[in-house]
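**Student:** Give me a model of this one.
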Amino acid sequence: MTLPHCTRAAHRSCCARTEDRRLADLWAWAPTACTVLVVLVLCSAARAADWPQWRGPARNGLSSETGLNWAWGPAGPRRLWTAQVGQGFSSVAVSGGRLYTMGNDGSRDSVFCLDALTGRQIWRFSYACGPGDYEGPRATPTVAGGRVYTLSREGEAHCLKAANGQLVWRRDLRGEMRAEPPRWGFAGSPLLAGSLVLYNVGTAGIAVNAGTGKTVWASGPRQAGYASPVPFTAGGKRGVALFVAWGIVAVNPEDGRPLWQHPWETSFGVNAADPIFSGDQVFISSDYGRGGAVLRISGPRPQRVWENREMKNHFNSCVLIGGSLYGNDENTLKCVDFRTGAERWRLRGIGKGGLIAADGRLVVLSERGELIVASATPERYQELARARIMRGECWTHPVIANGVLYCRTRQGELAAFDLRPAR
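**Tutor:** The predicted structure follows:
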């Protein structure tokens, strides 16, 4: 969530279909060695991958792409195209050569489908929605099985055909659940879990049938958080974690039954950064002076491993690499040890920007539109490149898909930059 949240086409298309299947079968996928080999053979040449949902294929902010071109100097990478997609904080999803995102023009939200390499608009689906405070949608589309799933800041869910934007179904989740909205609107991106779509709306979420939109289970009307639902497996059990206004709760995705919960209150109920799992432990973090903590999952009440104020995620989530958390501590880029919570290094002055990781590097987009590339290592901060590439306020994390970097501003400028290796 982001809050105030070629004919290499043949290879790409195959990779996209593979990613869609992985996403749709999130809970049951168990590939054989043969399946893995086929995927590697088809995708390794391009070293590319789609990014079909919020925070990437595994919903963790980590890209599997390698061999990217980082030798672009102070001018930044070559810009491929720019498009206006309306105000908002929605990130992008990239699947099958197409890009999907959302924006607001003051009275209507629009879901955009663009050609990922040229920025050409393929289709646009619009519906009435006020801009609200910090104007525009916060959630990112989820693309799977030929469909696009979205959620507006007012709690309206849509399912569209990915090919042409035709409406499949629509639900007013807030109205139907009588759910109390977060102060700055709903921001969690939809999660596809098998045949269900889960949303962070209500006390502990709601799940609807992905094909029909009919409710499968729902929780109470208590205020949701701004984070997106996160799938996990711990202690041999599969679950979905929702960071809601009152804390973190894990549910069985099939029936919504609570598995465990932990209270975590902040000013204004702003729990916005996604929980990050590692084995039987989970990291949670919030700003407004609260800080971060690692919990060990053991029964209905997780046990606190540590808690401190070294990492206060305002809304952009950390990434976890090799036992180290890298993320935005309010306005400072930091590395924190996952095991102990101890700070390893810091870089001041990035504002409310966000980051992902790719090719052994941290890829940071600062609030002022600076692209910063640094080594993903806990020993010390090592900057590899920096360039001002956007003009506007950037609160949405960057995305890398199939060798292309995508960045957007709050004001609605979306730009694509070429990171593909020179041919």
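**Student:** Spatially, which residue comes closest to L62, not counting chain neighbours?
**Tutor:** Once flanking residues are discounted, L62 sits nearest to A357: 5.2 Å by C-beta to C-beta, 6 or more residues apart in numbering. Yep, even glycine has a C-beta here, placed from its N, CA and C like the rest.
**Student:** Next, the contact list for that neighbour, please.
**Tutor:** The neighbours of A357, taking C-beta atoms under 8 Å, 6 or more residues apart in numbering as the test, are G61, L62, S63, V319, I321, Y326, V363, A376.
**Student:** And the average pLDDT for the host helix or strand of it is what?
**Tutor:** Element membership for A357 (DSSP states H and E) is strand 354-358. The average pLDDT for strand 354-358 rounds to 98.
**Student:** How far does it sit from its chain's centre?
**Tutor:** Centroid displacement of strand 354-358 relative to its chain, using C-alpha atoms, centre = their mean, to the nearest Å, is 11 Å.
**Student:** just to revisit the earlier point, I'd like the distance between the residue nearest to L62 and A48.
**Tutor:** A357 sits 16 Å away from A48, going by C-beta to C-beta, to the nearest Å.
**Student:** and the residue nearest to Y288 when sequence neighbours are not counted, backbone torsions?
**Tutor:** In this structure, Y288 finds its nearest non-sequential neighbour in S267, 4.0 Å apart by C-beta to C-beta, 6+ apart. The phi and psi values for S267, taken as degrees, to the nearest 10, are phi -60, psi 140.
**Student:** Kindly report the same for L173.
**Tutor:** phi -70, psi -40.
**Student:** Share the number of residues neighbouring it, please.
**Tutor:** 23 (other C-beta atoms under 10 Å).
**Student:** what's the spacing between it and L151?
**Tutor:** 8 Å.
**Student:** quick one: common contacting residues for these two?
**Tutor:** A157, Y199, V201.
**Student:** and these as JSON lines, adding secondary structure?
**Tutor:** Listed next are these as JSON lines, based on DSSP: H, G, I helix; E, B strand; the rest coil:
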{"residue": "A157", "secondary structure": "strand"}
{"residue": "Y199", "secondary structure": "strand"}
{"residue": "V201", "secondary structure": "coil"}
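**Student:** Buried among the residues you listed? Make that a PyMOL selection.
**Tutor:** A single PyMOL command selects the buried members of the shared contacts of L173 and L151 (16 or more other C-beta atoms under 10 Å):
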select buried, resi 157+199+201
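**Student:** need the next SSE after the strand holding A357, C-terminal direction.
**Tutor:** strand 361-365.
**Student:** mind showing which ranges of this protein have poor pLDDT?
**Tutor:** For the chain, the stretches flagged by pLDDT under 70 are 1-47.
**Student:** ranges for the helices of it?
**Tutor:** Per DSSP state H, the chain carries helices over the ranges 9-24, 33-43, 173-177.
**Student:** what's the closest of the shared contacts of L173 and L151 to G353?
**Tutor:** Y199 (26.3 Å; C-beta to C-beta).
**Student:** ok so, going back, which of the contacts of A357 has the most neighbours?
**Tutor:** Busiest of these [other C-beta under 10 Å] is V363, holding 28 neighbours.
**Student:** So for stretch 217-230, first residue to last residue, what's the gap.
**Tutor:** Stretch 217-230 has an end-to-end distance of 17 Å (criterion: C-alpha to C-alpha, to the nearest Å).
**Student:** Check which residues of that stretch are buried.
**Tutor:** W217, A218, S219, Q223, A224, G225, Y226, A227, S228, P229, V230.
**Student:** these two touch, right, the fifth one and A245?
**Tutor:** What that stands for is A224. Yes - counting by C-beta atoms under 8 Å, A245 is a contact partner of A224 at 6.4 Å.
**Student:** what residues are shared contacts of these two?
**Tutor:** In contact with both A224 and A245: P182, using C-beta under 8 Å, 6+ apart.
**Student:** Take stretch 278-298, keep the C-alpha atoms, and write them as CSV.
**Tutor:** Only the C-alpha atoms of stretch 278-298 are listed here, as CSV (Å, rounded to 0.1, in the frame of the first residue of the first chain):
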residue,chain,number,x,y,z
SER,A,278,10.8,-14.9,8.0
GLY,A,279,10.1,-18.5,9.1
ASP,A,280,8.0,-18.4,12.3
GLN,A,281,8.7,-14.7,12.9
VAL,A,282,7.1,-11.5,11.5
PHE,A,283,8.3,-7.9,11.5
ILE,A,284,5.8,-5.1,11.9
SER,A,285,6.4,-1.3,11.9
SER,A,286,4.6,2.0,12.1
ASP,A,287,5.5,5.7,12.4
TYR,A,288,4.1,8.4,14.6
GLY,A,289,6.8,7.5,17.1
ARG,A,290,5.7,3.8,17.5
GLY,A,291,8.7,1.9,15.9
GLY,A,292,9.1,-1.7,14.9
ALA,A,293,9.0,-5.2,16.4
VAL,A,294,9.7,-8.8,15.5
LEU,A,295,7.1,-11.3,16.9
ARG,A,296,7.5,-15.1,17.1
ILE,A,297,4.4,-16.9,16.0
SER,A,298,3.4,-19.4,18.7
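**Student:** And it, what's buried?
**Tutor:** Applying 16+ other C-beta under 10 Å to stretch 278-298 flags 281-287, 290-295, 297 as buried.
**Student:** cool, and stretch 373-384?
**Tutor:** V373, A374, A376, T377, P378, Y381.
**Student:** now, which of those sits nearest V208?
**Tutor:** Nearest member of those to V208, counting by C-beta to C-beta, is A376, at 37.0 Å.
**Student:** Specify the beta-bridge partners of the residue nearest to L259 when sequence neighbours are not counted.
**Tutor:** Nearest non-adjacent residue to L259, counting by C-beta to C-beta, 6+ apart: A250, 4.3 Å away. For A250, the beta-bridge partners under DSSP bridges are A241, W260.
**Student:** same question, Q281
**Tutor:** Under DSSP bridges, the residues paired with Q281 across the bridge are S278, R296.
**Student:** neighbours around the closest residue to V230 other than its chain neighbours, how many?
**Tutor:** Leaving aside its sequence neighbours, V230 sits nearest to A241 (C-beta to C-beta, 6+ apart; 4.8 Å). Using other C-beta under 10 Å, A241 is surrounded by 28 other residues.
**Student:** Fine by me, we can end here.
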